[in-house]
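K.L.:
using only what follows, build the 3D model:
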Amino acid sequence: MRTKRIITILAAALVAVILIPSCGTGSSGESGKDNLAVLASARSTEICLALDRELQLIKALGISRTIQDYTVLTVSSVPAFTQAEIAQMDAQWRAADASNDDTDPLVSQILYNAMSYELRNFRDQFPQHVEVFITNPQGVNIASTNRTSDYYQADEDWWQTAYGQGLYIGQPEYDAGKGAGERAKA
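P.N.:
Numbers count the residues shown, from 1 in each chain. Predicted structure coming up:
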C-alpha cells in the first residue's frame, strides 16, 4: 500500500512538472513553476529512497542463511518435474485456491514449511510486503507467506525477467484474485 502511494505521489509530481510549464506566464507563474519543480524534485528523491529501502529489505531476506539453506535443500532434494506434472499440480493448486483450502496437501506443504515461516516473520516485521513467495528454478512455489492464485509462476513475464536477469521490480498492482490489496513484485 505504501509503495502504491509513493508511486502515486511520484506520478502526480511528474504530471505537475510536465503540465505547469505550459500554464500561466509572467513572474508569478515562474515562481509557482519553480516551487513545483523543487517540490517534485524533493518528492522524487523521497520516493527513490523509499524504493531503495524496500529493495534492500528484499535483498537482506535473500541472503538469510535459513532461506538459502532451505532453498538449496529443497532444490537439490526434489527431482525436476515434467511439464505434465507441473500442469497437474497447478490445477490442484488452483482448485484449492478456488475453494479457499489451505489444507490441500500440495498447498499445506508450501505454506507450512520452515522457509514459509521465515517469510511470514519477514512480512510481520515489514507488513508493506503483503505477499512474499519463493520458487524453484522450474518456477513452482516452494515457500509462501500465503496461498498464491497459482502454483506455477514460470509462465509469468515478471518471473521470466527475474529468472533471466536476477531481479524484477514491477509496478504495484492490485491482487484482484484475493482482494488483498496492493503488492509489489520484487
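
K.L.:
I'd like to know how many residues surround Gly170.
P.N.:
13 (other Cβ atoms under 10 Å). Glycine gets a C-beta too; all of them are placed from N, C-alpha and C.

K.L.:
these two touch, right, it and Trp158?
P.N.:
Yes. In this structure Gly170 lies within contact range of Trp158 using Cβ atoms under 8 Å: 5.4 Å.

K.L.:
show me what the lengthiest helix in the chain is packed up against.
P.N.:
Secondary structure of the chain per DSSP state H: the longest helix is helix 26-62. Applying 3 or more Cβ pairs under 8 Å, 6 or more residues apart in numbering; DSSP states H and E, we find helix 26-62 packed against helix 2-19, helix 114-125.

K.L.:
which one of those helices has the lowest average pLDDT?
P.N.:
For the helices and strands packed on helix 26-62, mean pLDDT drops lowest on helix 2-19, to a mean of 45.

K.L.:
low-confidence stretches in this structure?
P.N.:
Applying pLDDT under 70 to the chain flags residues 1-29, 172-186.

K.L.:
switch the cut-off to 80
P.N.:
Counting by pLDDT under 80, the chain shows low-confidence ranges at 1-33, 171-186.

K.L.:
so how far is Arg120 from Gln109?
P.N.:
Separation of Gln109 from Arg120 (Cβ to Cβ, to the nearest Å): 15 Å.

K.L.:
more neighbours, these two?
P.N.:
Taking other Cβ under 10 Å, Gln109 and Arg120 do not tie; Arg120 has more neighbours (17 against 13).

K.L.:
got the angle for the longest helix of the chain vs helix 114-125?
P.N.:
Interaxial angle, helix 26-62 versus helix 114-125 (axes from the mean of the first three to the mean of the last three Cα atoms, to 10 degrees): 150 degrees.

K.L.:
show me what counts as buried in helix 26-62.
P.N.:
Lys33, Leu36, Ala40, Arg43, Ile47, Ala50, Leu51, Glu54, Leu57, Ile58, Leu61 (16 or more other Cβ atoms under 10 Å).

K.L.:
check the offset of it from the chain's centre.
P.N.:
21 Å (Cα atoms, centre = their mean, to the nearest Å).

K.L.:
what sits up against the helix or strand that that helix is followed by?
P.N.:
Following helix 26-62 in sequence order, the next helix or strand is helix 65-77 (DSSP states H and E). Helix 65-77 is contacted by residues Leu61, Gly62, Asn113, Ala114, Met115, Glu118, Leu119, Ile134, Asn136, Pro137, Ile142, Ala143 when judged by Cβ atoms under 8 Å, 6 or more residues apart in numbering.

K.L.:
for stretch 80-95, same thing?
P.N.:
Asp101, Asp104, Leu106, Val107, Gln138, Val140, Asn141, Thr148, Ser149, Asp150, Tyr151, Tyr152.

K.L.:
again, 7 Å this time
P.N.:
Contacts with stretch 80-95, where a contact means Cβ atoms under 7 Å, 6 or more residues apart in numbering, come from Asp104, Leu106, Val107, Gln138, Val140, Asp150, Tyr151, Tyr152.
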